[in-house]
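[1] model this:
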Amino acid sequence: MKIRTGFVSNSSSSSFVLFGRPVSYQNIIDDTCEHPVYMFGHEEWGDGEDVFELTEDMVNWMRDNPTWNGNRFEFFETTKMIDTEYHYNVEIDKEEVFGDNSKIQLRSTNISHHSTSSLDQFIENYNRRK
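    Alright, predicted model coming up:
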């Protein structure tokens, strides 16, 4: 039998800090991002937001469906993502994040454990609102 002695939560979300910079929908379509891009779907599922890394399939679907309005969503190019439920004191070097003199932003969010994770879910959740 295993006994957990640390913090136990019934939450359906986890707290994260993302290091990166906002990017436009056009940056994604034009493939100008060098690092993973997360989409903030602005949907609350359980205790958190629908925040997920865009897959190549999702980006290809966006390119193949030019009438889909991606400008209404927030996209964040991310070089580092930290689960703040387990990491409290984190040091980060600006060079580690982008390797140049780019300004970085920190984005704190509660990400739902039910966030979009496949192309089918992406289409089901976000194609209905054109």
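[2] burial count for the spatially closest residue to D57 that is not a sequence neighbour?
    Residue nearest to D57 in three dimensions, not counting chain neighbours: L119, with 4.3 Å by Cβ to Cβ, 6 or more residues apart in numbering. In this view, the C-beta of every residue, glycine as well, is placed from N, C-alpha and C. The tally of other residues near L119 (other Cβ atoms under 10 Å) stands at 14.
[3] residue contacts, L119?
    T55, D57, M58, W61 (Cβ atoms under 8 Å, 6 or more residues apart in numbering).
[4] show the average pLDDT along the helix or strand hosting the last one.
    Going back to what we said before, that points to W61. Using DSSP states H and E, W61 falls within helix 56-64. For helix 56-64, mean pLDDT is 95.
[5] got the contact list for it?
    By Cβ under 8 Å, 6+ apart, helix 56-64 touches Y25, I28, I29, D31, M39, W68, G70, L119, F122, I123.
[6] repeat the analysis, applying 6 Å as the threshold.
    I28, I29, G70, L119, F122 (Cβ atoms under 6 Å, 6 or more residues apart in numbering).
[7] follow-up on the earlier one: filter the contacts of L119 to the buried ones?
    Among those, the ones that count as buried by 16 or more other Cβ atoms under 10 Å are T55, M58, W61.
[8] which residue is the nearest non-sequential neighbour of the first one?
    What sits nearest to T55 in space, not counting adjacent residues and going by Cβ to Cβ, 6+ apart, is L119, at 6.7 Å.
[9] if we can go back for a sec, tabulate the contacts of L119 (TSV), appending distance to I111.
    Output for those, formatted as TSV (distance: Cβ to Cβ, whole Å):
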residue	distance to I111
T55	16
D57	20
M58	17
W61	22
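[10] and the furthest pair within the residues you listed?
    T55 and W61 (9.3 Å; Cβ to Cβ).
[11] which parts of the protein are helices?
    25-29, 56-64, 94-97, 119-126 (DSSP state H).
[12] let me have those in CSV, extended by distance to R107.
    Listed next are these as CSV, based on distance: least, Cβ to Cβ, whole Å:
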stretch, distance to R107
helix 25-29, 16
helix 56-64, 19
helix 94-97, 13
helix 119-126, 20
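[13] cool, thanks, signing off.
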